[in-house]
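Visitor: quick check, what structure comes out for this input:
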Amino acid sequence: MTIRVLTGAGVTAVTAVLLGALTGCGGDDGPSALEKELGRKCQGRVAADSVDVALAEGIKAEVVSRWHEDGQGQCWVNAHGKSGLFEPFALEVTLAADTGRAEKKRRGLCATTRADDHYLHYTDGRDVCSAYSLRESRYVARGTVGRYNIGIYITGARPLEGVDAPLKKARTEFGRVMEDLREHYRK
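Guide: Residues are numbered from 1 along each chain as shown. Here you go, the predicted model:
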């Protein structure tokens, strides 16, 4: 998984596209073909209706995944627009030696995120923390499910004072994906 930080005109274009997606401009017709593909390629770790990957017309996208037998791996959406390549959604799962070490790593990553001025709107829950990364122009969540460390990344518009729809939508999607992962790894 490559992480690209957009700048200049690319940020403007992607922000406009994703602000529309995050504020619910898409239809309520159920999951799109891309979202169904995400559910399939994430191998049950993300339900097709858990993440809204609505993209503007003319943006081509594909889902990429790599999973190992021990449950570790990644899946993400590569999108190609006029401004270049970006990843509207990414999931990364790594395996720790035990649940204690997984939780210790999560707490460390969350503490680092909370202390960094380049993250906005930090929140912490029972097994997940999230914030908006100014450096990467995306929402970031770090969580644990048993022995697994979870990283969830949703590209989106910077939260603005008084406009909380993108922030609420990202946090809702983080919650859905964490529930999907809890169910998947409980098996």
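Visitor: for the closest residue to Y153 other than its chain neighbours, the count of nearby residues, please.
Guide: Leaving aside its chain neighbours, Y153 sits nearest to A90 (4.2 Å; criterion: Cβ to Cβ, 6 or more residues apart in numbering). Every residue, glycine included, has its C-beta placed from N, CA and C. A90: 21 surrounding residues under other Cβ atoms under 10 Å.
Visitor: same thing with L181?
Guide: 26.
Visitor: same for the helix or strand harbouring it, what does it pack against?
Guide: Here L181, judged by DSSP states H and E, is contained in helix 165-186. Applying 3 or more Cβ pairs under 8 Å, 6 or more residues apart in numbering; DSSP states H and E, we find helix 165-186 packed against helix 9-22, strand 128-133, strand 138-145, strand 148-155.
Visitor: what bridges to the residue nearest to Y153?
Guide: In this entry, A90 is beta-bridged to W76, Y153, by DSSP bridges.
Visitor: what distance do you get for it to R142?
Guide: 13 Å (Cβ to Cβ, to the nearest Å).
Visitor: which residues do these two both contact?
Guide: 151-152 (Cβ atoms under 8 Å, 6 or more residues apart in numbering).
Visitor: what sits against the residue lying closest to S130 once chain neighbours are set aside?
Guide: In space, and not counting its chain neighbours, S130 is closest to A141: 4.0 Å by Cβ to Cβ, 6+ apart. A141 is in contact with 128-130, 150-153, 174, 177-178, counting by Cβ under 8 Å, 6+ apart.
Visitor: which one of these sits closest to I59?
Guide: Using Cβ to Cβ, Y153 is the member of these that sits closest to I59, with 17.6 Å.
Visitor: now the closest one: how far from V177?
Guide: Taking Cβ to Cβ, one finds Y153 at 11 Å from V177.
Visitor: sorry, back to before: ok, what's across the strand from the residue nearest to S130?
Guide: S130, I152.
Visitor: hang on, L91 packs against R45?
Guide: Yes - the pair L91 / R45 is scored as a contact, 6.6 Å apart, by Cβ atoms under 8 Å.
Visitor: helix, strand or coil for G108?
Guide: helix (DSSP: H, G, I helix; E, B strand; the rest coil).
Visitor: what about it, neighbour count?
Guide: Neighbours around G108, by other Cβ under 10 Å: 11.
Visitor: secondary structure element holding the closest residue in space to G151 that isn't next to it in sequence?
Guide: Distances taken as Cβ to Cβ, 6+ apart put E92 closest to G151, at 4.0 Å, once the chain neighbours are dropped. When elements are assigned from DSSP H and E, E92 belongs to strand 89-95.
Visitor: can I get that strand in PDB, CA atoms only?
Guide: Extracted C-alpha coordinates of strand 89-95, given in PDB (Å, rounded to 0.1, in the frame of the first residue of the first chain):
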ATOM      1  CA  PHE A  89     -10.300   4.000   1.600                       C
ATOM      2  CA  ALA A  90      -7.600   1.800   3.100                       C
ATOM      3  CA  LEU A  91      -7.500  -1.000   5.700                       C
ATOM      4  CA  GLU A  92      -4.400  -2.400   7.200                       C
ATOM      5  CA  VAL A  93      -4.400  -5.300   9.700                       C
ATOM      6  CA  THR A  94      -1.200  -6.600  11.500                       C
ATOM      7  CA  LEU A  95      -0.900  -9.400  14.000                       C
END
